[in-house]
Each structure stands twice: as C-alpha cells, then as structure tokens.
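Enquirer: I would like the atomic coordinates for the input below:
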Amino acid sequence: MEGETFLWLIRHAAVAGVPGTIHAADARADLGDHATLAALRRRLPADVAGYASPSRRTVETARALGLEPELVSEFGEQDFGDWTGHRHDELAATGGEAYARVWRDPAHGRPPNGESFADQVARVRLGLAQIGAGSAALVVHSGTIRATLCIALDLTPEAALRFVIDPLSLTRIDRLAGGWRVVSVNQRVA
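Expert: Numbers count the residues shown, from 1 in each chain. Below is the predicted model of the structure:
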C-alpha cells in the first residue's frame with residue numbers, strides 16, 4: 001500500500017437494547033447523544049473516506065456523523081456464534097464449562113460456532129489492507145478497534161484486550177511508510 005493512511009477509529013454509539021447482551025448485527029444504535037456526535041463530526045477531516053462494519057449500529061452511527069460509509073465485512077465485531085442475542089449473566093448461569101473455558105482464555109477461546117478474538121485480529125488485518133492512502137474514518141466495534149491496536153503495536157491478542165474502548169470514543173492511528181503511529185486511544189470528544 002503506497003502513501004500514508006490516517007485512521008479515525010470511532011466506536012459506534014451505545015446499543016439501544018438490554019445492557020449485558022451480546023447484540024446481533026441488526027441491533028440499533030442509540031443516537032441520542034447529539035453533542036458527542038456533533039463534536040466527533042467536527043473532528044473529522046473534510047476529505048475523510050468513510051468505512052463501517054455492516055452492522056446496523058455502525059452504519060447508523062456513521063450516517064449520524066455525516067458519512068456514507070463503504071461497508072467492510074472484515075470490520076465486524078467478534079462473532080460470538082450461538083451466544084449472540086443472549087445476556088452474559090444468563091450464559092454464565094447456564095453455559096457451564098463451555099462459557100467458563102472461553103473466558104479463561106478470552107483471546108483464543110471460541111464460543112460455540114463463533115470465533116476467537118485472535119481470529120478477529122486476523123480478519124481485521126485483511127480489512128485494513130483494503131484502506132488506501134489518505135484520511136479514513138472507520139465506524140466500528142470495540143473489538144475491531146482493539147484488533148487494530150493489536151496490529152499497530154505488535155501486541156499479543158491477550159494484551160490488546162486490556163484496552164477500554166467506550167461508545168462514541170475516538171482512537172487515532174496512522175499507518176506510515178515505516179510502520180504505525182498511535183496518536184490517541186479511547187478519546188472522549190464532547
């Protein structure tokens with residue numbers, strides 16, 4: 001990939017749903033935080049290209065930021081397989097050893113019919129390869145941003161899971177000719 005790429009990674013707005021749920025791709029975004037959305041919109045460069053995962057909440061957030069994003073399936077949230085649509089407290093109570101095993105090694109554990117965070121990192125790497133030079137806003141998920149940090153900083157997946165990525169936060173990363181530069185992580189811009 002030729003040229004430098006300046007990434008504005010924005011986590012989607014909070015999900016309009018039951019907290020603690022592993023939300024499906026069709027979960028809606030709660031776009032009520034108009035002040036933060038406006039502040040984020042002002043932070044984006046005028047010539048920024050927009051990208052998002054195909055999830056409803058990322059697309060809705062991107063559009064609220066004035067973007068018409070190109071959808072990149074590799075930027076989707078970690079696939080929790082059979083656990084999607086269920087609450088963590090419910091799964092902890094009924095999931096038995098399978099649930100406990102995944103959380104003993106959250107970087108490599110795979111939910112039934114799902115993927116591990118390490119799998120997500122490999123997928124996100126393929127998505128980042130599709131982003132050309134210039135400024136790009138990626139409206140994505142917390143796991144996608146952690147995966148990007150994992151790639152940029154040459155971290156283990158275990159280490160990358162330590163980052164906190166809040167809804168409507170901004171993470172700035174640049175892909176330069178000589179490597180990556182992390183400008184900021186989980187910045188609140190209200």
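Enquirer: Strands along this protein, start to end?
Expert: Assigned by DSSP state E, the strands in the chain fall at 5-11, 49-52, 70-71, 134-140, 170-176, 179-187.
Enquirer: Among the ones you listed, which comes closest to L37?
Expert: The closest of the strands of the chain to L37 is strand 5-11. By C-beta to C-beta, the value is 9.8 Å. Where C-beta positions appear, they are placed from N, C-alpha and C, glycine not excepted.
Enquirer: so what strands line up beside that closest one?
Expert: The pairing partners recorded for strand 5-11 under DSSP bridges are strand 134-140 (parallel), strand 170-176 (antiparallel).
Enquirer: would TSV of these with mean neighbour count be doable?
Expert: Formatted as TSV, the strands paired with strand 5-11 follow (neighbours: other C-beta atoms under 10 Å):
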stretch	mean neighbour count
strand 134-140	24
strand 170-176	19
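Enquirer: Dump those to a markdown table, plus distance to Q120.
Expert: Output for the strands paired with strand 5-11, formatted as a markdown table (distance: least, C-beta to C-beta, whole Å):
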| stretch | distance to Q120 |
| --- | --- |
| strand 134-140 | 11 |
| strand 170-176 | 16 |
